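Q: Fold the following.
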Amino acid sequence: MMMTAQSPLKILAAAACALALAGCASFPTTAKKVSEAEPAAPELAIQSWQTDQGARVLFVPSEALPMLDVRLVMHAGGARDGDQPGLASLTSALIGEGAEGLSVDQIAGGFENRGANFSTGSYQDMGVVSLRTLSKPEWREDAVDLLARVVGRPTFPQDALDRLRTRAMQGLKMEKQVPGPQVDKAFQRAVFGDHPYGHADAGTLESLPGITREDVRRFHERYYAAGNTVIALVGDVSRQQAEAIAAKLSAALPEGGPAPELPRADKPAERVAEHLTFPSNQTHILIGGQATWRGNPDHVALYVGNYILGGGGFASLLTQEVREKHGYVYGVSSRFQPMAAGGPFRLQLQTANDNADQALGLTMGILRDFIANGPTQEQLDNAKANILGRRALETADNSDIIGQLGAIGFYDLPLDYLQRFNKQVKAVTVADIREAFQRALDADRLAIVSIGPEAPRLPQGGKDETQGQDQ
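A: Residues are numbered from 1 along each chain as shown. The predicted structure follows:
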């Protein structure tokens, strides 16, 4: 849920954006300039400590604007649902719907009257609670006090549970009318199977009706515990003030330690092909498999290589070949998504039904060739220039920094992760990318999941799948 105040925050956010854009003209634009430049990411002065209750705190002081961003990140995502898909998502959505001594209207009005923004979110790995407030003590202290009550003592009202459950089930029914969500879920099942990442974290029409207030209460008690939480703070406060804020929030959370580690997801043993029949004018195709994880030493090589392959927008190889040169698709892209216990490689394309066979064949041929040979040196040089040239924007604003801090703390990354990343990007070679892709991917053992009127013809593994595409 999100409650947004019409407040001075909007003016301050606009100022932050203007400051960020003002520096764009100085970005390096060629490989030579990049090689001569220092990494674009600023050296954030990240301070870290642990509260008495076991929460890990990461703090970056910033006097650029009189604001404070707070983010609580818990190992409380959909992977913790167990046999109740949707439990984490419902728990997250209910935080802010009622707290001890406070109704949902009082909570919404309380943040709004203090000029603060409050939101929650649930993902496969994590549950997130965020606050943005002015840093002046008379605004900040009240907003933090309210946040502590809301996240620490939620009441999970039955009427709110019923309403949010009904909304979620209506959303699931609507998803059956469009192809995208259906093929996404089929791809997730195909890649992860019975692993905790394999189920629908938004829940199912079968699972949601059985989730009770007591289930939600138990989930909050276990996974929103202080010892299972990272508290990230960025803004115009002192170290002493940051310690007081973190201590207040940590003390408000349930007592408890970290959640157990998830089992590592397995790579596919063979190719999986699945087609969903759907009466549409387009065929959606997803290609990929379990390929990485947070902390993978190949992460930078995979990131840079994928930017060249399919992650660089119109500059990517897949877009240039499959869309621009051959006109087979409306859009094509790829990415690696590292998570705590695994992470898929995901290549997706949408094509007219008549072009589905050719689009799939050409795409698989390009992917197979990239795994075997990697990029050219020219492609790598251009990718480095683009990646490093835009890195400053990723930490240009407090809201960007808070996201980076949350991830660094949650995945236990080194505090100088951003600086290391830039240096590793500058150092990565064609051979590094080729070898990393070969360790991560086998073109003959990937899932190919599609949706449309007819299943596209699958290319035969091992042959040159680009042959005949120009005939």
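Q: in what helix or strand does S450 lie?
A: strand 447-452 (DSSP states H and E).
Q: what lines up beside that strand in the sheet?
A: strand 272-277 (parallel), strand 282-290 (antiparallel) (DSSP bridges).
Q: among those, which is nearest S207?
A: Among the strands paired with strand 447-452, the nearest to S207 by C-beta to C-beta is strand 272-277 (20.5 Å). The way it works is simple: take the backbone N, C-alpha and C, and place the C-beta from them, glycine included.
Q: ok, and for that closest one, which residues are buried?
A: V272, E274, H275 (16 or more other C-beta atoms under 10 Å).
Q: Reformat these as TSV; add pLDDT.
A: Below are these laid out as TSV (pLDDT from 0 to 100):
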residue	pLDDT
V272	93
E274	97
H275	97
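Q: Would you agree Q282 is in contact with N355?
A: No. Shown here, Q282 and N355 do not form a contact pair, counting by C-beta atoms under 8 Å, at 9.6 Å.
Q: circling back to that earlier point, from the buried residues of strand 272-277, which is closest to A440?
A: Nearest to A440 among those is V272, at 17.0 Å by C-beta to C-beta.
Q: Quick check: that closest one vs L441, distance?
A: 14 Å (C-beta to C-beta, to the nearest Å).
Q: what do you get for D69?
A: 37 Å.
Q: what does G235 give?
A: 41 Å.
Q: L302 too?
A: Distance from L302 to L441, by C-beta to C-beta: 9 Å.
Q: Quick check: neighbours shared by these two?
A: Here L302 and L441 have A291 as joint contacts, going by C-beta atoms under 8 Å, 6 or more residues apart in numbering.
Q: who's more crowded, the two?
A: L302 (26 against 23; other C-beta atoms under 10 Å).
Q: For the helix or strand harbouring that one, which helices and strands make contact with it?
A: Taking DSSP H and E as the criterion, L302 maps to helix 299-306. Using 3 or more C-beta pairs under 8 Å, 6 or more residues apart in numbering; DSSP states H and E, the elements in contact with helix 299-306 are strand 329-336, helix 377-390, helix 417-427, helix 430-440.
Q: Tell me what angle the third one forms with helix 430-440.
A: Helix 417-427 and helix 430-440 meet at an angle of 110 degrees, taking axes from the mean of the first three to the mean of the last three C-alpha atoms, to 10 degrees as the criterion.
Q: elements contacting helix 417-427?
A: Using 3+ C-beta pairs under 8 Å, 6+ apart, helix 417-427 is in contact with helix 299-306, helix 377-390.
Q: coming back round to it: how about TSV for the helices and strands packed on helix 299-306, with mean pLDDT and mean neighbour count added?
A: Below are those laid out as TSV (pLDDT from 0 to 100; neighbours: other C-beta atoms under 10 Å):
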stretch	mean pLDDT	mean neighbour count
strand 329-336	97	20
helix 377-390	93	19
helix 417-427	93	17
helix 430-440	98	19
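Q: can you tell me which of these comes nearest to G109?
A: Closest among those, once you apply C-beta to C-beta, is helix 417-427, at 37.7 Å.
Q: that older thread, of all the strands paired with strand 447-452, which one is nearest T91?
A: strand 282-290 (26.7 Å).
Q: what about dumping the CA coordinates of stretch 143-152 to PDB?
A: Provided in PDB are the C-alpha atoms of stretch 143-152 (Å, rounded to 0.1, in the frame of the first residue of the first chain):
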ATOM      1  CA  ALA A 143       6.900  10.100  11.600                       C
ATOM      2  CA  VAL A 144       9.400   7.500  13.000                       C
ATOM      3  CA  ASP A 145       7.300   7.000  16.100                       C
ATOM      4  CA  LEU A 146       4.300   6.300  13.900                       C
ATOM      5  CA  LEU A 147       6.300   3.900  11.700                       C
ATOM      6  CA  ALA A 148       7.500   2.000  14.700                       C
ATOM      7  CA  ARG A 149       3.900   1.500  15.800                       C
ATOM      8  CA  VAL A 150       2.700   0.500  12.400                       C
ATOM      9  CA  VAL A 151       5.400  -2.100  11.600                       C
ATOM     10  CA  GLY A 152       5.900  -3.300  15.100                       C
END
